[in-house]
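Engineer: Quick one: sequence plus predicted model below, questions after.
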Amino acid sequence: MSTLIVISILAIVVLYLGLFKAKQALLPISVLGLVAALALAIMEWNSNAAPIFSGMMHFDNFAVAFSSICIITTILVFLLSKNYFEKISDNVAEYYTLILFALSGIIVMVSYHNLSMLFVGLEIMSVSLYILAGIKRKDFASNEAALKYFLMGAFSTGFLLFGIALIYGASKSFDLAVIAQYVIDRPTGIDPIFYVGLVLMIVGLCFKVGAAPFHFWTPDVYEGAPTLITAFMSTVVKIAGFAAFLRLFSICFAPLQDFWMPTLLVITILTLFVGNITALYQTNFKRMLAFSSISHAGYMLFAIVALGAASTNAIFIYAAAYAVSSITAFAVLMLVKAKTGSENFEDFNGLAKSNPFLAFALTVAMLSFAGIPLTAGFIGKFFVFNAALAQYHTWLVAIAVVNAIIGVFYYFKVIVAMYFKDNQTKQIATPAYFNFVLGVSLIITLVLGIYPSFITNLF
Amino acid sequence: MGLLSILIFVPLLFGLTILLLPKKYSQSYKYFTVAVAVIQLAITAYLYCQFQTGAAFTGVNQLDSYQFKEYLPWIRLDIGKFGALQIDYLLGVDGFSIPLLFLSALVMLIAALSSWEIKENHKGYFSLMMLLNTAIMGVFCALDIFLFYVFYELMLLPLYFLIGIWGGVRREYAAIKFFLYTLLGSVFMLLVIAGLYFSVIDPLTGNHTFNMVHMMNPQNYVPDGIFSFLAHQDILGIPARLLGFIVVFIAFAIKVPIVPFHTWLPDAHVEAPTPISIILAGVLLKVGGYGIIRIAYSIFPDVALNLSFYIGLLGVISILYGAMVALAQTDLKRLIAYSSVSHMGFVLLGLASLTSEGISGAMMQMISHGFLSVMLFFIVGVVYNRVHDRYIYNFRGLATHMPIYTGFVMIAFFASLGLPGFSAFIAEAFSLIGAFNSESVNGLIPRWMAILGSFGILLGAAYLLWTLQRMFFGQLRVKEENWLIKLKDLNVREILTLVPLAFFAILLGVIPSLVFNIINTSVNQFILLFT
């Protein structure tokens, strides 16, 4: 639990550092603080904690694992932000502070044990993100992104809150354990408003994780927001959304699988197709990543549709693989954009000649996205599919496999551009921080791909 | 660490060395590649000589009788009610894999020797080739189906880049077509692998397992498993085992390639640089055949038995269609590519007969075609490197201008068209004998298939001899004057490359027992699966 406290205090400290113009200290202190928070989180591993704060939160292994992955990803994002925020805004400290506040909201989201905490965590995160998306005040696209995100986010929160209220109305509690007990005690005759609440919560959560048909905000917001914020949104925020989703459904609603499974099944299939087919037609790399993130949300939804013992593991591995690959993709995109000024596939032409390491790192990330063996993405997909096959969702898996192949097609576009096309670009200077982040992501991707036992045995 | 692991990982090690060496040594990379191939050839030759035959070394569905076995636990995962997920690093060889290992090592050596033509970006090229080498060796050694799949997919990537970067004019198209075709087959295969995993239990530990040898024994299946022999489960209204077999079969049929899944092959071959064509024809097509034997047939013997007629039919169609399309080609490399389709049809025909002769013939055909297709593609490469043209009608009367070259061409052509005394004759004869006998032995495929198959040999003679006539006989005439200077006869390196291939083609034609003795025990064990 100290993790949450450390991150919240860290955010305030960083804000004060900005007040006293200590710009140089912002990054080191934020990163050190997060490392400390990470260490504190890992120390609670297997401590079999009981719910704390009158049953508000429960820092169990699930929470530790997902907090860790979110904190690590945030550290990587911070390392990429050196010199980035200074270029687009004067208020650098606010960036760090807002991201840290969002992260504290995320920690609440992955460790809640009470629906009110889910709502509070979600709001802390969302409000920070609304500001972050629009932080380039004079940029039209950024403003549009912020407004769109805010309106859509407000809507979805409304759905979620309404759902929570209805579930409270039926079960007379916000506490997950009590709700779970309510469901178990009534094999038949659950109050109809409970079901309505459940559906509304699905809608709200699907908005947050960007699943179709509630995905319309994602491409515009992802494209309009500053690249680094997009990286943060499409990794940490998405993972947190799924963690919250999975936590709620595995603890409370597992016995009602027959009721919500068909709904979620349709959403999953729709998400896969919408994400993949639209991604196929993109010429802008960043927008392609936005749509591909929708399709990855579809793959992760798999594990929830086939809720079972293996689900947590499957989502965890998939999320880890997805996070490191996304970070790599966005990091390379930032460098390329700084050089050429745009984000289209042609801008990657000839990158293999001018910057072999960048091209190699991005290639591995794309292969991991596409789920080619010996990368983390393959192991992630394999576990997710396995979880689904264990419950005989053969159709669903067959559809997903078709989608995986469509995915190969657009992920390879950028590889083709880098290796097969020529362009007389000069070498792009890569700062040491970038090389570090890319190297770390590369190693994680390959190690998880070759010897996944490191994290497969966590749960 | 056993010999098989060394065989697999030596190229990877050298590949990394190449990556780390500074650019100024780039001229030495090719010698590294040759050195690796020589080491591998030595290892496989040693394994081949040490390989034991007899009742205790049958392989196929007897895990204990595999040789040079290696075992390491790889991935373990506790998955609740399904017990623990068990993926192992399990290697071993039997009569089906050992000749193919030797063939692969030899083909890799030839490919390395013909890589002299590569002019740019040596570092990338040779390190990718080493990665490909690792994957190929791994595929033939793996006994865990997950491990097999990983190596199988790992072959795709280096090939994609090798064709896409160092290929011809339409390389991008050819590379992505090749990649998507193969991937389409293999990802569905992955689903079947997962389904098999849920159906099969390791008799020793009680865990679900990916061990493919356990998957061949019906008693290891859980009674209600999706692919259980007894449960007769349906997927989407089709019997599960039938669907499983078809999916796996198509995955490998794309690789072989069998008509109608062959359209990637001419494109890939035509665009690929010579060494890659050599690897494609010499080894990659064999991976398809090996996969059909090792996985599709061995794990689903009941279905394979029922579908024999259709599989034989596909084989005959491949033989005839490939040969007829080859007859119509004017690009020498495309002609050779289609002849591969035709020759690999014999593998399928022999296999479908499920007789001892037929299966031995199919194995022999894979090995023989390995040597001969490599030789043919190398021969195409010789002309192409000199004048960058392969159009058959641009050349005439080369026999007087390049006598040594023409000599090797004649050996390769006559061997390929099945002249007695060469390996292809033995292979095709045995496949056809098997197919012909099948009607009286087990009644699986009718006689007319064997008869139609032998027409394939006739057509093969037609297109090869016609090509010989068009390009090498008659008055010396080439498209441009200066080609005559460029078209020098073979140099020492090229002769050294072609001699061992020709030698093996004749050796196996004269003493086929060198291969038959090695594979015989496993072939007989394999046939027992179907009784």
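Structural biologist: The structure has been received and is ready for your questions. Numbers count the residues shown, from 1 in each chain, chains lettered A, B, ... in the order given.

Engineer: so what's residue 352 closest to, chain neighbours aside?
Structural biologist: Just so you know, I chose chain A. residue A:359 (4.0 Å; C-beta to C-beta, 6 or more residues apart in numbering or on different chains). (C-beta placed from N, C-alpha, C; glycine too.)

Engineer: should've been chain B
Structural biologist: Residue B:352 sits nearest to residue B:312 (C-beta to C-beta, 6+ apart), 3.6 Å away.

Engineer: For the one you found, which residues are in contact?
Structural biologist: B:348-349, B:352-353, B:435, B:444-445, B:449 (C-beta atoms under 8 Å, 6 or more residues apart in numbering or on different chains).

Engineer: so it is in which element?
Structural biologist: Secondary structure assignment for residue B:312, by DSSP states H and E: helix B:308-327.

Engineer: could you say what helices and strands the very next helix or strand once past that helix packs with?
Structural biologist: Under the assignment DSSP H and E, the closest C-terminal helix or strand after helix B:308-327 is helix B:332-353. The contact analysis (3 or more C-beta pairs under 8 Å, 6 or more residues apart in numbering or on different chains; DSSP states H and E) places helix B:332-353 against helix B:264-271, helix B:285-291, helix B:308-327, helix B:356-387, helix B:423-441, helix B:447-472.

Engineer: Report the distance from the next helix or strand after the second one to the chain centre.
Structural biologist: What it means is helix B:285-291. Counting by DSSP H and E, the next helix or strand C-terminal to helix B:285-291 is helix B:298-299. Distance of helix B:298-299 from the chain centroid (C-alpha atoms, centre = their mean, to the nearest Å) equals 19 Å.

Engineer: model confidence over helix B:298-299, on average?
Structural biologist: Averaging pLDDT along helix B:298-299 yields 92.

Engineer: center of chain B, which residue is that?
Structural biologist: Geometric centre of chain B, nearest residue: residue B:286, 1.3 Å, by C-alpha atoms, centre = their mean.

Engineer: show me what contacts the closest residue in space to it that isn't next to it in sequence?
Structural biologist: Nearest residue to residue B:286 in three dimensions, chain neighbours excluded: residue B:366, at 4.9 Å (C-beta to C-beta, 6+ apart). If you count contacts by C-beta under 8 Å, 6+ apart, residue B:366 has them with B:100, B:103, B:286, B:289-290, B:347.

Engineer: ok, these vs chain A, which is closest?
Structural biologist: Proximity of the contacts of residue B:366 to chain A (C-beta to the nearest C-beta) peaks at residue B:290, which lies at 18.4 Å.

Engineer: ok, that closest one to residue A:435 distance?
Structural biologist: When distance is defined by C-beta to C-beta, to the nearest Å, residue B:290 is 42 Å away from residue A:435.

Engineer: For the helix holding residue B:312, buried residues please.
Structural biologist: B:308, B:311-323, B:325-327 (16 or more other C-beta atoms under 10 Å in any protein chain shown).

Engineer: Next, the angle from that helix to helix B:423-441.
Structural biologist: 150 degrees (axes from the mean of the first three to the mean of the last three C-alpha atoms, to 10 degrees).

Engineer: For residue A:301, give me the pLDDT.
Structural biologist: pLDDT recorded at residue A:301 is 91.

Engineer: So for residue B:290 and residue A:435, which sits in the more crowded spot?
Structural biologist: Shown here are residue B:290 and residue A:435; by other C-beta atoms under 10 Å in any protein chain shown, residue B:290 has more neighbours (23 against 14).

Engineer: Pretty sure the more buried one sits against residue B:140.
Structural biologist: Yes: contact status for residue B:290 versus residue B:140: in contact at 6.6 Å, counting by C-beta atoms under 8 Å.

Engineer: joint contacts of these two?
Structural biologist: B:97, B:100.

Engineer: Can you show me the strands along the stretch 151-300 of chain B?
Structural biologist: B:208-209, B:234-235, B:238-239 (DSSP state E, counting those that start in this stretch).

Engineer: Which among those is found nearest to chain A?
Structural biologist: Taking the strands of the stretch 151-300 of chain B one by one with C-beta to the nearest C-beta, strand B:234-235 is closest: 5.4 Å.

Engineer: what kind of secondary structure is the closest residue to chain B within chain A in?
Structural biologist: Of all residues in chain A, residue A:309 sits closest to chain B, at 2.6 Å by C-beta to the nearest C-beta. When classified by DSSP: H, G, I helix; E, B strand; the rest coil, residue A:309 comes out as coil.

Engineer: what's the neighbour count on it?
Structural biologist: What residue A:309 shows, counting by other C-beta under 10 Å, is a neighbour count of 15.

Engineer: So what does it have for phi and psi?
Structural biologist: phi -60, psi -30 (degrees, to the nearest 10).
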